[in-house]
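Asks: Make a model of this:
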Amino acid sequence: MSKEETGSQLISTRQSILEAASKLIAQKGVKNTSLADISKEVGISKGTLYYYYSNKSDIIYDIADIHLKKITEELLSWIDNIEHNLIAEEVLRVVFERISTAETRGKLHLYLISDAVTSNEPLNQRFREKYKEWRITLENGLRKVLKESSTDYRVLSYIILAAIDGFTIQCRLGEETIPIDGIAKILSKVK
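Replies: I've put the predicted structure just below:
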């Protein structure tokens, strides 16, 4: 086997581990997902799993990084769409829907946040850094959307970020349909 084949096999197995762990965590939560569960889901021995990840925390960190990167990419895509002259209401609606209504990712986000705020200080630090990055990204996007507005973009970015988190929770509870269109319309009219 060549070095390239070995390297791609390592990446493939690592990806399989992260996908299986993400799925299990979204179903059972961080605390109720064991390394044995993950190795069984992937179809490898626990010893093989330890070759790739020496502990569950390392898996959680990699999952969090992938998860946080996806959300960041969606926010950056939002900024790109602004540059293509989409109306503010439509851009906000798309951002709210994509981020808050993704079933598996929404559950995963809530489990990771729960672990970060209750017991996992390194994960907490990662979330704090990413939330700051997201808020600044939103603030910059709002400046493009709400040109010549007297709006406090910084404050509005906090409101939108809080709304996304709230929508994620409400979607997981499933009690009511969230009027995302109406909310996006109101927020896009802020002056």
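
Asks: So in this protein, where's the weakest helix or strand by average pLDDT?
Replies: Lowest by mean pLDDT, DSSP states H and E among the helices and strands of the chain is helix 88-100, with a mean of 75.

Asks: was I right about A163 contacting F96?
Replies: Yes. Using C-beta atoms under 8 Å, A163 is in contact with F96, at 7.0 Å. Bear in mind the C-beta positions are built from the backbone N, C-alpha and C, glycine included.

Asks: which residues are common contacts for the two?
Replies: Residues touching both A163 and F96 (C-beta atoms under 8 Å, 6 or more residues apart in numbering) are I183.

Asks: give me the low-pLDDT residue ranges for this structure?
Replies: For the chain, the stretches with pLDDT under 70 are 1-7, 10, 78, 81-86, 101, 103-104, 148-149, 190-191.

Asks: domains for it, by residue range?
Replies: The record assigns the chain these domain ranges, following automatic domain parsing: 1-54, 60-188.

Asks: thinking again about what came up before, and the very next helix or strand once past the least confident helix or strand of the chain, what's buried?
Replies: Following helix 88-100 in sequence order, the next helix or strand is helix 103-118 (DSSP states H and E). Applying a neighbour-count criterion of 16 or more other C-beta atoms under 10 Å, the buried positions in helix 103-118 are R105, G106, K107, L108, H109, L110, Y111, L112, I113, D115, A116.

Asks: burial of S8, as a residue count?
Replies: By the criterion of other C-beta atoms under 10 Å, S8 has 11 neighbours.

Asks: Please, which helix or strand holds it?
Replies: Using DSSP H and E, S8 falls in helix 3-28.

Asks: what packs against that helix?
Replies: For helix 3-28, the packing partners by 3 or more C-beta pairs under 8 Å, 6 or more residues apart in numbering; DSSP states H and E come out as helix 35-42, helix 46-52, helix 56-83, helix 103-118.
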